[in-house]
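Predicted model follows, preceded by the sequence.
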Amino acid sequence: GAGVSQSPSNKVTEKGKDVELRCDPISGHTALYWYRQSLGQGLEFLIYFQGNSAPDKSGLPSDRFSAERTGGSVSTLTIQRTQQEDSAVYLCASSLQGDGTDTQYFGPGTRLTVL
Amino acid sequence: GIQVEQSPPDLILQEGANSTLRCNFSDSVNNLQWFHQNPWGQLINLFYIPSGTKQNGRLSATTVATERYSLLYISSSQTTDSGVYFCAVEPYNTDKLIFGTGTRLQVFP
């Protein structure tokens, strides 16, 4: 079956603009995660969804970052008033149950460049 | 928070050689996964291995949970094995993976 998909694959934006990144998890997976990978910080967790609820938002770096998930499926990560330090690859992952007993599968990522 | 350390940070091999990558973690974990990040940035699942030993072709992994480490073995390496290998752990009572800093592997013909 299809894996995790993300769009766009690349996004270049100007400082101060808002951006939306999309993730389509594997069908039937109840858990969805956002991570980001940057040169200085490595791979870091941002937010976790179980269904449409986000019980763990602890990794969101500032209140400019938000995310939602609808219908227990698609998720959107929104970054408002982008800054240059937001430049990174944003990765989405999904897992069947999200209780630590199963594998997280990652999408190809969205490379965000803030000029 | 939990610390995840990987060694070595860099590894250069000739095709056909074997290698062992190590992941140490500082607390008990619910989940441990090994990933290969290919040159295009895709994270590919290798193993879900919170404990025990698993094998998949030329790759195998062992996690000794009581001693808080995991090993990834690559045998008869190929140029396509090049990339960065990440270990990631999920501590108890959390729902997130904590990644190590990775081992960058380069395999030359």
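Arrived safely, thanks for sending.

per-residue confidence for the residue nearest in space to the middle of chain A?
Centroid check for chain A by CA atoms, centre = their mean gives A:Trp34 as the closest residue, at 3.2 Å. A:Trp34 is assigned a predicted lDDT (pLDDT) of 97.

What does B:Ala65 show for phi and psi?
Phi and psi for B:Ala65, reported as degrees, to the nearest 10, are phi -60, psi -40.

Now do the SS call for the residue nearest to the centre of chain A.
Classification of A:Trp34 by DSSP: H, G, I helix; E, B strand; the rest coil places it in strand.

which residues sit in contact with it?
By CB atoms under 8 Å, 6 or more residues apart in numbering or on different chains, A:Trp34 lies in contact with A:Cys23, A:Phe45, A:Leu46, A:Ile47, A:Gly59, A:Ala67, A:Ser75, A:Leu77, A:Tyr90, A:Leu91, A:Cys92, A:Ala93. Every C-beta, even on glycine, is put in place using the N, C-alpha and C of the backbone.

now with 10 Å?
A:6, A:21, A:23, A:45-49, A:54, A:57, A:59-60, A:65, A:67, A:69, A:75-77, A:90-93, B:96 (CB atoms under 10 Å, 6 or more residues apart in numbering or on different chains).

Now that we have those, which of them are buried?
Neighbour counting by 16 or more other CB atoms under 10 Å in any protein chain shown classes A:6, A:21, A:23, A:45-49, A:54, A:59-60, A:65, A:67, A:69, A:75, A:77, A:90-93, B:96 among the contacts of A:Trp34 as buried.

Return the subset of those lying in strands.
Using DSSP state E, the subset of the buried ones among the contacts of A:Trp34 located in strands is A:6, A:21, A:23, A:45-49, A:54, A:65, A:67, A:69, A:75, A:77, A:90-93.

near chain B too, which of these?
Among these, the residues that sit close to chain B (CB under 10 Å from any CB of the partner chain) are A:Phe45, A:Leu46, A:Ile47, A:Tyr48, A:Phe49, A:Leu91, A:Ala93.

Which two of the residues you listed have the greatest separation?
A:Phe49 and A:Leu91 (14.3 Å; CB to CB).

so what's the residue nearest to the centre of chain A closest to, chain neighbours aside?
A:Leu46 (4.2 Å; CB to CB, 6 or more residues apart in numbering or on different chains).

Please report the distance of the one you found from B:Thr63.
26 Å (CB to CB, to the nearest Å).

same question, B:Gly100
B:Gly100 is 13 Å from B:Thr63, by CB to CB.

so what sits against both of these two?
Counting by CB under 10 Å, 6+ apart, the contacts common to B:Gly100 and B:Thr63 are B:Cys23, B:Phe25, B:Trp34, B:Ser70, B:Cys87, B:Val89.

ok, the closest residue to B:Gly83 other than its chain neighbours - contacts?
Nearest non-adjacent residue to B:Gly83, counting by CB to CB, 6+ apart: B:Asn38, 4.9 Å away. Counting by CB under 10 Å, 6+ apart, B:Asn38 touches B:Ile44, B:Thr80, B:Asp81, B:Ser82, B:Gly83, B:Val84.
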